[in-house]
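Undergrad: return a 3D structure for these sequence lines:
(2 chains)
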Amino acid sequence: GQQVMQIPQYQHVQEGEDFTTYCNSSTTLSNIQWYKQRPGGHPVFLIQLVKSGEVKKQKRLTFQFGEAKKNSSLHITATQTTDVGTYFCAGKSGNTPLVFGKGTRLSVIA
Amino acid sequence: DTGVSQDPRHKITKRGQNVTFRCDPISEHNRLYWYRQTLGQGPEFLTYFQNEAQLEKSRLLSDRFSAERPKGSFSTLEIQRTEQGDSAMYLCASSSYSLDGYTFGSGTRLTVV
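TA: Model prediction:
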């Protein structure tokens, strides 16, 4: 079945440094979504990418969807302590429910 | 509407007991999903409903698990004869259309002792 892989599993950065997490799917996706889960919290929807090569920005966050619609990335510029949490990508193929990756846990050292 | 509600927030049960969790989705959402999350892992899909119809079940969902969504509103997830391996956070989510982002509830943390 469909698998979604994320790297790295953990990332520790100094506040102000940049951060990137990468997501790869074993199958071509119809869309990819990104979620953030704070420690002790539940996943919160950030964004959805649908088109091949799509790039979307939310303030310091930049999301990309690969040309082949099998990979994606999330880049955070100048991290802040409020960025701490686990970032999940989740992909859909057709009408199937979302398949989540294992996430990248971001720690930000002030 | 305050979002997706799940009840209870925490449940401790003895091995072999049955447990039932409830999820109240956002009222306008016709799709409802159940996921399970263990420590350090991403949410794993269990099952989902469109209105009252259960459209897909993961092979993770053994015959001890059953889910219902009567009248297409709230949903219940029951686990019979619980095992220690069932200990996890059970997350419910809803969406209004197959391409929308999911809104998750705060989850029910199950501990089987």
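
Undergrad: C-alpha only now, for contacts and for neighbours.
TA: Fine.

Undergrad: now residue 10: closest residue in space, sequence neighbours ignored.
TA: Chain wasn't specified; assuming chain A. Excluding the flanking residues, the one nearest A:Tyr10 by CA to CA, 6 or more residues apart in numbering or on different chains is A:Arg105, at 4.7 Å.

Undergrad: let's do chain B instead
TA: B:Arg109 (4.7 Å).

Undergrad: residues in a beta bridge with residue 76, which ones?
TA: Picked chain A for this. Taking DSSP bridges as the rule, A:Ile76 bridges to A:Phe19, A:Leu61.

Undergrad: right idea, wrong chain: chain B
TA: Applying DSSP bridges, one finds that B:Thr76 bridges with B:Arg22, B:Glu68.

Undergrad: need the pLDDT of the residue in chain A that chain B sits nearest to.
TA: Relative to chain B, the nearest point of chain A is A:Lys102 (4.2 Å; CA to the nearest CA). With respect to pLDDT, A:Lys102 scores 97.

Undergrad: try B:Ser98
TA: B:Ser98 is given a pLDDT of 69.

Undergrad: ditto for the one 3 residues further on
TA: The confidence metric pLDDT takes the value 94 at B:Gly101.

Undergrad: who are the contact partners of the nearest residue to it once chain neighbours are set aside?
TA: Sequence neighbours aside, A:Phe45 is the residue nearest to B:Gly101 in space, at 6.0 Å (criterion: CA to CA, 6+ apart). By CA atoms under 8 Å, 6 or more residues apart in numbering or on different chains, the contact set of A:Phe45 is A:33-36, B:101-103.

Undergrad: ok, now A:Thr81?
TA: So A:Thr81 contacts A:15, A:107-110 (CA under 8 Å, 6+ apart).

Undergrad: dump these into a markdown table; add neighbour count, distance to A:Gln64 and secondary structure as well.
TA: Listed next are those as a markdown table, based on neighbours: other CA atoms under 10 Å in any protein chain shown; distance: CA to CA, whole Å; DSSP: H, G, I helix; E, B strand; the rest coil:
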| residue | neighbour count | distance to A:Gln64 | secondary structure |
| --- | --- | --- | --- |
| A:Glu15 | 16 | 23 | coil |
| A:Ser107 | 20 | 22 | strand |
| A:Val108 | 19 | 22 | strand |
| A:Ile109 | 14 | 26 | strand |
| A:Ala110 | 10 | 27 | coil |
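
Undergrad: residues from chain B in reach of chain A?
TA: Applying CA under 8 Å from any CA of the partner chain, one finds that chain B approaches chain A through B:40-45, B:48, B:98-107.
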